[in-house]
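S.K.: attaching a predicted model along with its sequence, questions to come.
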Amino acid sequence: MTDFLANLSLGFSVAFVPTNLVLAFLGCLVGTLVGVLPGVGPLATIAMLLPITFGVDPVGALIMLAGIYYGAQYGGSTTAILVNMPGEASSVVTALDGHQMAKQGRAGVALAIAAIGSFFAGTVATLLIALLAAPLTRVALVFGPTEYFSLMVVGLVFAVVLASGSVLKAIAMILLGVLLSLVGTDLETGEERMTFGLSMLSDGIDFTILAMGIFGIAEIMRNLTQTDNRDVIRQHIGRLLPDKEDFRSSCRPVLRGTALGAILGILPGSGAVLAPFASYALEKKLAEQPGRFGRGAIEGVAGPESANNAAAQTSFIPLLTLGIPPNAVMALMIGAMTIHGIVPGPQVMTKNPAMFWGMIASMWVGNLMLLVINLPLVGIWVRLLKVPYRLMFPAILMFCCIGIYSINSLPTDVMLIALFGFVGFALIRMGFEPAPMLLGFVLGRLLEENLRRALSISRGSPATFLEHPISASLLMVAAVLIVLAMLPSIRRGRDTAFTE
Amino acid sequence: MRIVRVAAVAAAALWMSAVAVCAEGFPERQITIVVAAPAGGPTDTFGRIIAESLGKTFNQRVLVENVVGAGGLVGSRHVASSAPDGYTLLLYNTALTSLPAFLKAAKDFDPSTALTPIGLINEAPFVLVSRVDFPSSGPGDLIARLRDDPASIRMGHGGFGGGAHICGLLLARALKAQPNFVAYRGAAAVMTDILGGHIDLFCAQTADAINNINSKSVKGFWVTGPARLNQLADLPTIAEAGISGADISAWHGLFAPAGTPAETVKVINSALAKTLQDPAVLSRFESLGATPVAVDRRSPEALGKHVKAELARWKDLVAELSVEQE
C-alpha cells in the first residue's frame, strides 16, 4: 500500500508539472473540438495530430495524446447526441437515447450526464489501473480465440436487446450487419470477397462510413421529409444541467456501466467495443419500463457513456504492462512512444517509472480536464441546436464529407456515405433500426476471425468451444439470454422480479 | 554544455550538407513521402524519422502522408501514378515485392517498372519465438518436431503474404513440412496469443522479440537474418541452426514514380545517405531493432536489383508451395 501511494505521488508529481498540465489540457481541448466534427474519431485525430507532439518530451507527448484520445471520444458523443451522428462504434449507443433526449429539449442534460458519468468511470478505472494493472493483464491473456468467439456470440445477443421494435427485424438487421462485415479481403487466403472487383472495397467497409451514412445522412434525409417538426429542437431547449431526479436515475447505471466497462476494456482487441452495448442492454433489462429506451431514457446515456470511458481507460492496461496495443488508437500511441525512443513493453514500468506513473496520474487529470472543459461547453453546443435546420444540415453534410475524406483521402468514401445514407433512409422508412446492424457489423469480423482461428488451433474440432471453461460459460450465458428473449412471458416475469 | 556544442556541430554539418544539396536546384518546394502503411506502425515510424532528417538536409518541409489499403497496394499505385518530379515519394517495405506474388488484385502491379528505386534504408531479420511453455529444448529439437508432426504445431502470422507468413512458408519449404498456420490481423495480435499460450510459433519482429525474450515471456529459437543480433547474441542464425534458403529480412526502401529524372534521384539518394550516417537516426533504428543497410547497398541500382530478386523469390515460393494465388 505504501508502495502504491509512493507510486501515485510520483505519478502526480509528474502529471502536475505545469507543462504537462498544459499539454493535458490542450490534448483534451483539441481532442474534444476535433472529435465533435462528424466522422473524425480518435484514430483520425491522433494520426493527424501526431506530428505536433514530436517537439515535446516523451512523457508530455503521451499525456497529450492520451488527452486527445479521451477528448475525441467525448467529442464523438457530443455529435451523437446533438445530430445523431455516431463517429465510432462506442457512440452508436449514445445516439439512441441521447439524440431522443435532445429532441425533447434535454440535450444539455444528456451532454452533462455523459460528462459526469465519464468522469466518474474514468476516476474508478484509473485507480483500478494503478492498483491492479499487472494481475489484470494475466487475466486478459487467458482469453484466446475460443473465448473471444464465445464473447462475441454473447455480444450478438445483446444486439437483439438494442432494438426497441420488432425482434425479427432486429435479427434481420444483425445478420445484414454481419454480412456487410464479411466484405473485403479474406484474412487467411487473401481472396477478395463480395468486393465486385472494386478496389475501394478490398479492405472492407469502413465502420465510420457505414455509421455516418446509415445514422447521420439518413437522419438528415428523414428530417427534411418532416417539414412540420424538424425545427422542434430549437423551440424548447430546456435545462442545461441535470436535476436531482436525473441524478437519481443515472446513479446506478453509471456504477454498473463503470464496472462492466472496466472489465471488458481489459480484454485486448475487442472487449472495449462491447462495453457500451453491454451496458445499454443491461440497463434496458433492469429498467422498470424497458419501453422508455430508445425514446430518451437518461439511463441509456449514463450507463453506456460510463462503460465506454471506463473501457477506454482500462484498455491502456495491456499497452502499459505488455506493450501490446489492444486497438488501433493504442497502436498509434505505441508508434508515438517509439518515435520518442521508448520501446513499449513490460520493462517500461521499471525502466521509466516516472513516465509510467505519470501517465496513469495524467489519465485522471485528463478526465478532470474534460469535465472542466465540457460542462461550460454544454451551453455552447446546445445553442448550436438553435440554428435553423435549413442552415444546419448543409453544414453538417459538409463537415461529414470533410471528416470522411480526411480519414483515407479517398473521394469514393464520400460517395459511399451518400449510398449508405439512402440505404439507411429506406430502412428507417420500412421500420428497421440501424443500431443492431451496426453492432452486427462491428462484431461480425471479430466473430468470423476468432471462429476460424479457434477452429484452426483445435484442428477443426468445434468441441473446443465447450472444452474451454470460460468459453463454455459464455455460450451458456448467450443461450440463457436467447431463451429469455424468445419467451416473452418469462421475460416479463424476470423484469418484474428485478424491480422488486 | 556538451550537448549544446554537439548540437552546434551537428547543425553546422547539416547546414553545410544542405548547402551542398540545394546547389542542385532540387527541391524547391515541399516534398511528400507517402507511407503505404497506417500511422503508428513500424513502417510509419521509419517514414517519419526519414522525413524529419531529409527535411533538415533539404531545408524544406517533408510531409508524411499515410495512404493505406489493400496491403499497401493503394499507396504504391498512388505514387506510381504521381508526377515523376521527385516531390512525391514512396516509403514502403517487403510487402511491395510480396504483394504481386500473393494478391490477385496486385498481379498487374510490377514495382520494378512502376517505380524508380532511390535507396534501401534498413533491414531487420525476424526472430522465431514460441510460447514460453512450448515443449522444445532448442533449434535442433524444434526442427525434429516440425518434421515429425508439423500439423500439430500452430504457427501464427499477422496477415496473408506478410513478412511473418513468408517467414513461415520459407521454413515450411526448407523442412518440407507445413505447420498449422493461424492468421491474425497484425503482429501485435499474434504476440498477444503467443504470450497467452494459445498458439506455438511466430516469426516476430526484432524489437518485440528482444523485449519478450529478455523478460522470459517467450522462448527464442533463431534469427532469420545473415548474422546474429547483438541484443540476442546466444541465438543462432537460421543457417547456423541447419536450415538453408529460409533466411528473410524485412526491409524499408524509398522510391519515386517511374520516369523520375536520374539527377533528382541522385540528389535524394545522397540526402538519404547522409540520413543513414546521422547518429540520432541510427540510435532510433537500433531501438526499433533495425540496422541500416551496408554502404555498398545504398545505391538506387542496388535497390532496383533487390526488388527484382525478391519479386522472383516470392513468386517461386508461391508456385512451389502452391499457395493459392488469390
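M.R.: Right, received. Where do you want to start?

S.K.: whichever helix or strand B:G156 is part of - what's its average pLDDT?
M.R.: Counting by DSSP states H and E, the element that carries B:G156 is strand B:154-157. For strand B:154-157, the mean per-residue pLDDT is 96.

S.K.: how far is it from where the chain is centred?
M.R.: Chain-centre distance of strand B:154-157: 20 Å, with C-alpha atoms, centre = their mean, to the nearest Å.

S.K.: what does that strand contact?
M.R.: A:456-457, B:164-165, B:167-168, B:179-184, B:190, B:193-194, B:199-203 (C-beta atoms under 8 Å, 6 or more residues apart in numbering or on different chains). Where you see a C-beta, it was placed from the backbone N, CA and C, and this is true even at glycine.

S.K.: the closest residue to chain B within the stretch 301-450 of chain A: neighbouring residues, count only.
M.R.: Here the residue of the stretch 301-450 of chain A nearest chain B is A:G335; by C-beta to the nearest C-beta that distance is 3.1 Å. Other residues within reach of A:G335, judged by other C-beta atoms under 10 Å in any protein chain shown, total 25.

S.K.: contact partners for it?
M.R.: Neighbouring residues of A:G335 by C-beta under 8 Å, 6+ apart: A:L50, B:A39, B:G40, B:G41, B:D44, B:T45.

S.K.: try 6 Å this time
M.R.: Going by C-beta atoms under 6 Å, 6 or more residues apart in numbering or on different chains, A:G335 touches B:G40, B:T45.

S.K.: the chain: strands as residue ranges?
M.R.: If you meant another chain, say so; for now it's chain A. A:184-185, A:192-193 (DSSP state E).

S.K.: wait, chain B
M.R.: B:31-35, B:62-66, B:88-93, B:115-131, B:154-157, B:180-183, B:201-205, B:218-223, B:249-257, B:291-292.

S.K.: pipe these into CSV and attach distance to A:I81 per row.
M.R.: Below are the strands of chain B laid out as CSV (distance: least, C-beta to C-beta, whole Å):
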stretch, distance to A:I81
strand B:31-35, 36
strand B:62-66, 31
strand B:88-93, 41
strand B:115-131, 45
strand B:154-157, 41
strand B:180-183, 39
strand B:201-205, 42
strand B:218-223, 45
strand B:249-257, 44
strand B:291-292, 51
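
S.K.: nearest to A:S249, of these?
M.R.: Nearest of the strands of chain B to A:S249, taken as C-beta to C-beta: strand B:62-66 at 44.3 Å.

S.K.: could you dump the closest one to PDB, C-alpha only?
M.R.: Listed next in PDB are the C-alpha coordinates belonging to strand B:62-66 (Å, rounded to 0.1, in the frame of the first residue of the first chain):
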ATOM      1  CA  VAL B  62       8.900  16.900 -45.900                       C
ATOM      2  CA  LEU B  63       5.400  15.600 -45.100                       C
ATOM      3  CA  VAL B  64       4.400  12.100 -44.300                       C
ATOM      4  CA  GLU B  65       1.100  11.000 -45.800                       C
ATOM      5  CA  ASN B  66      -0.300   7.600 -44.900                       C
END
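
S.K.: sorry, back to before: alpha carbons only: can I get the strand holding B:G156 in CSV?
M.R.: Extracted in CSV, the C-alpha atoms of strand B:154-157 (Å, rounded to 0.1, in the frame of the first residue of the first chain):
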residue,chain,number,x,y,z
ARG,B,154,0.3,-23.8,-34.6
MET,B,155,2.2,-21.0,-36.2
GLY,B,156,0.7,-17.5,-36.1
HIS,B,157,1.2,-14.8,-38.7
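
S.K.: so A:V329 makes contact with A:P42?
M.R.: Yes. A:V329 is within contact range of A:P42, at 5.1 Å (criterion: C-beta atoms under 6 Å).

S.K.: next, show the common contact partners of these two.
M.R.: Taking C-beta under 6 Å, 6+ apart as the contact rule, A:V329 and A:P42 both touch A:Y69.

S.K.: re earlier: what lines up beside the strand holding B:G156 in the sheet?
M.R.: Here strand B:154-157 is paired, per DSSP bridges, with strand B:180-183 (parallel), strand B:201-205 (parallel).

S.K.: mean pLDDT and mean neighbour count added to the ones you listed, as CSV?
M.R.: Output for the strands paired with strand B:154-157, formatted as CSV (pLDDT from 0 to 100; neighbours: other C-beta atoms under 10 Å in any protein chain shown):
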stretch, mean pLDDT, mean neighbour count
strand B:180-183, 94, 20
strand B:201-205, 95, 27
